[in-house]
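Peer 1: Any chance you can model this:
(one chain, ligands or ions: 1)
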Amino acid sequence: MGKKTKPIPEKKGTAEPKPTAEKKADAAKAKTDASAVKKPKFTKIVDKRPAGVSETGLAVVGYEISEDGAYINTKLHYDQLYTIRHGSNSKLFLGFLEGKLFATRCPKCGDKFFPARTVCWNLNCNLAATEWVELKPVAKVHTYTIAGWSGRSSLKKLPFVLAYGIIDGCKTAVANELHGLDPWDAEFDMPLKVVFKPKEQRVGAITDWHFEPADGWKPAPMNPTKERMKKLTLPVYDWVKTMKE
Ligand SMILES: [Zn+2]
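Peer 2: Sure thing, here's the model as predicted:
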């Protein structure tokens, strides 16, 4: 302990200098490898920001002072447009625009992942590169919660069921809203279908679709747990009705 480790001396003169022709070939190969990752040129641009909303970033845009001159509030405006680069996961989001669900599958163990994983997470597969497969729009509830409170953008949708669904036998679950049922009727393992918004409303994001109960599914009869959830949930409907714009 406390001993200084000796620096490993650099090896000198062990590698034979390469002939010039070979060096040139190496340089050419490096250039080819670099150009293999071609920088995409984005030409189809959809911008659905409301009129009058522009990117300003963070700016102090004003202040207000109380009548007696004793207090001041600062008005801070924040507006930032983010670009999320999906890279090799792009097929997932391009699929949403077409109303399709693409997952990745491991060629070694066959496990499927949605959302997509670039490599298999099964430890036996040694990070095998996965391949794209299309899923059927069928799922089941892995777990769920009834949302009685949310961020500002979703307040008026309350109460809603947020479900973690396992789509078409994948090894991963994905969170999305579960519509088309009374919240207290949601059940573990209940069969679901994936429902996409109309094509013109899709923006290539997970909000392009939601879950609904599978056709023919019937909720179980009321029981004490469901009664309790109903009692907790009903006031949320009334509260949302009182919300101003
Ligand atoms: Zn695997």
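
Peer 1: Quickly note the distance from the nearest residue to L97 once chain neighbours are set aside to the ion.
Peer 2: In space, and not counting its chain neighbours, L97 is closest to G204: 4.8 Å by Cβ to Cβ, 6 or more residues apart in numbering. Yep, even glycine has a C-beta here, placed from its N, CA and C like the rest. From G204 across to the ion, the span is 28 Å (Cβ to the ion, to the nearest Å).

Peer 1: burial of G204, as a residue count?
Peer 2: 16 (other Cβ atoms under 10 Å).

Peer 1: and it, what is it in contact with?
Peer 2: Taking Cβ atoms under 8 Å, 6 or more residues apart in numbering, we find G204 in contact with 93-94, 96-97.

Peer 1: Domain map for the protein?
Peer 2: Split into domains by automatic domain parsing, the chain comes to 99-135, 136-245.

Peer 1: Nearest residue to the spatially most central residue of the chain in space, ignoring adjacent ones along the chain?
Peer 2: In the chain, the centroid-proximal residue (Cα atoms, centre = their mean) is I206; its distance is 6.3 Å. What sits nearest to I206 in space, not counting adjacent residues and going by Cβ to Cβ, 6+ apart, is N176, at 6.4 Å.

Peer 1: Am I right that that neighbour sits in a strand?
Peer 2: Yes. Counting by DSSP: H, G, I helix; E, B strand; the rest coil, N176 is found in a strand.

Peer 1: What does the pLDDT read for it?
Peer 2: Confidence at N176, expressed as pLDDT, is 97.

Peer 1: cool, and F113?
Peer 2: You'll see F113 listed with a pLDDT of 97.

Peer 1: Look up phi and psi at it.
Peer 2: Dihedral pair for F113: phi -130, psi 130, per degrees, to the nearest 10.
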